[in-house]
Structure formats: structure tokens, C-alpha cells
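> mind looking at a prediction? Sequence and model below.
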Amino acid sequence: MINNVLAIAGRELRVYFTSPIAYIVLAMFAIVFGFFFYAALGFFIRFSAEAATQPGAPPLNVNQFIVEPTLGNCTIILLFLMPMLSMRLFAEEQRSGTLELLLTSPLTDYEIIIGKWLGAMSLYACMLGIVLINFSILFIYTTPDWQAMLVGVLGMFLIGGALLALGGFISTLTKNQIVAGALTFGLFLLLWVLNWVNQFSTSTIGQICEYISMPPHFEQFSKGVIELKDAVYFLSTTALGLFLSKRSIESLRWKA
């Protein structure tokens, strides 16, 4: 089973890098994330210079002024880039007719689904590598809390896994990549703004929307704090996306 999953993942990753998708996504992420990072860095340097002129002022916290806001902005980038990674996972296979070959091969549905998800996650891991490269610059000039930094990157990894699992499910619903991308972006945007309901409604519905929304669960990770309820949320959302993909693939297999 593991060999089959890894074979599907390797195939998926090769498809990304033999097309412009991987290079466009990585370039866009590097440019936008780099802008957010160096903007936060410039802000930190300016305020550090001002604080140095005030006797007795405590040193500014690097993680609080650079790492935390940069990771928070980074999640906004994912709203636009993750649909580009997930929209082709199954939609393109359906359009080209290769999904039928996969379904008739000696592979289980979960092997196909998890393999494709892992392939997309491998490309996403390359994006997180860009994050770590930028953050490594901080160690040249200052001493950030590397443990809190890694917790923030772990939160990015978990939120990316959940988004790709949900995006993969939507990709099983249509043969059109553009439609899959648009629906995925709409779902991701909804998951980002649902917590706004809790600002004007403290009812049970508001609390449910607060829990379903993703940003509140990532907030503690960006601060370097791992809370079990937040980790469970992302892992359960990932499992839900993979399970829904399984049910959708079963429906396609039955129709075929």
C-alpha cells in the first residue's frame, strides 16, 4: 500500500514540475511572502531604532513583530494559491479520461486519493521551504525563538493539508479545472470569514461559525503555542476532505 501511495505521489509531483503550475505557484509565493517578510523586517528595524533612543525601553520581540504577522499574512496567500494546486488533482484526470484507468487499476480509492494529496503536499512543502529560508535570515542579526517559529511553520503545514484535502474533494466533483478552482476559492474564503458572524452574534450559531472558521485555530500556532483543540481541528478537517473524496470517487466508480 505504501509503495502504491508513494508511486501516485511521485507521479503527481512530476506532473506539477513538468507543467508551469509548480514554477508559477512557487514564484508567486516567494515574491508575495518575501514582500510581507521584508516589510515586517523594515517595520521592526525602524521601531528598534526608535526604542534604542529611549533609556530603559525593553528590547522588541522578534517573533511578535516579524514571525507572527508574517505567518498571519502568509495564510491569506494560501487562499489564492492552494486552489491552483488542488483544482487539477481529479478534474484534469476526469477531463483526459485517465481517471478511469486509475479506477480500473489494482489500486484502492484511498491509495489514489492519499497519493495525490501527498503529491500536492510535497509541492506545498517546497513553499514552506521558502518560508524557512527567509526566516533563517533573522538568525544572522538577532536571536528569535526558533521553537516558536517552527510551531508557526507546523501550523502552516497543518492548515495547508486541510485546504488541499478539501480542494481535492471539490476537484472530484467536476471535469473543469476553472470551475474546481473557483469553487475551491469560494469555500476557502468562506472558511476565512465565518468567524465574523461571532462578532455580531453570540448565539450558538455564532460559536459554531467561530469553530468552523480556520483563522482562529491558526492564531495560537502563529504565536508559537500548540493547543490540542486546534491540532485536532486541522487533522479532522483533513480527514473529512479525504473521506469526502473517497465517497465522491466511489460515486464515479459506480457511474463508470
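Sure, I can see it.
> distance-wise, check residue 197 relative to residue 74.
24 Å (C-beta to C-beta, to the nearest Å). Every C-beta, even on glycine, is put in place using the N, C-alpha and C of the backbone.
> more neighbours, those two?
Higher neighbour count among residue 197 and residue 74: residue 74, with 24 against 18, using other C-beta atoms under 10 Å.
> next one: the closest residue to that one other than its chain neighbours from residue 72, what distance?
In this structure, residue 74 finds its nearest non-sequential neighbour in residue 33, 5.8 Å apart by C-beta to C-beta, 6 or more residues apart in numbering. Between residue 33 and residue 72 the distance, using C-beta to C-beta, works out to 12 Å.
> higher neighbour count, these two?
Higher neighbour count among residue 33 and residue 72: residue 33, with 20 against 17, using other C-beta under 10 Å.
> the more buried one reaches residue 77, doesn't it?
Yes - here residue 33 reaches residue 77: they are 6.4 Å apart, a contact under C-beta atoms under 8 Å.
> residue 80 against residue 185, yeah?
Yes - with contact defined as C-beta under 8 Å, residue 80 reaches residue 185; the gap is 7.2 Å.
> how close does the residue nearest to residue 225 when sequence neighbours are not counted get to residue 228?
Leaving aside its chain neighbours, residue 225 sits nearest to residue 151 (6.9 Å; criterion: C-beta to C-beta, 6+ apart). As judged by C-beta to C-beta, residue 151 and residue 228 stand 13 Å apart.
> C-terminal to the helix or strand containing residue 37, what's the next element?
Assigning secondary structure by DSSP states H and E places residue 37 in helix 20-52. Counting by DSSP H and E, the next helix or strand C-terminal to helix 20-52 is helix 62.
> avg pLDDT for that following helix?
In this model, helix 62 has an average pLDDT of 81.
> coming back round to it: which strands and helices lie in contact with the helix holding residue 37?
Counting contacts by 3 or more C-beta pairs under 8 Å, 6 or more residues apart in numbering; DSSP states H and E, helix 20-52 packs against helix 68-86, helix 109-136.
> list the buried residues of the following helix or strand past the last one.
Just to be clear, that refers to helix 109-136. Downstream of helix 109-136, the next assigned helix or strand under DSSP H and E is helix 138-141. Across helix 138-141, burial judged by 16 or more other C-beta atoms under 10 Å covers residue 138.
> and whatever helix or strand comes next after helix 138-141, what other elements does it pack with?
Once the chain leaves helix 138-141, the next helix or strand it forms, by DSSP H and E, is helix 146-171. For helix 146-171, the packing partners by 3+ C-beta pairs under 8 Å, 6+ apart come out as helix 68-86, helix 109-136, helix 177-193, helix 215-222, helix 228-255.
> closest to residue 144 out of the ones you listed?
For residue 144, the closest of those is helix 109-136, at 7.6 Å, according to C-beta to C-beta.
> what comes up buried for the closest one?
Neighbour-count burial for helix 109-136 [16+ other C-beta under 10 Å]: 109-121, 123-124, 127-128, 130-131, 134-135.
> now the angle from that helix to helix 20-52?
In terms of direction (axes from the mean of the first three to the mean of the last three C-alpha atoms, to 10 degrees), helix 109-136 departs from helix 20-52 by 40 degrees.
> which other helices and strands does helix 109-136 contact?
Helix 109-136 packs on helix 2-17, helix 20-52, helix 68-86, helix 146-171, helix 228-255, going by 3+ C-beta pairs under 8 Å, 6+ apart.
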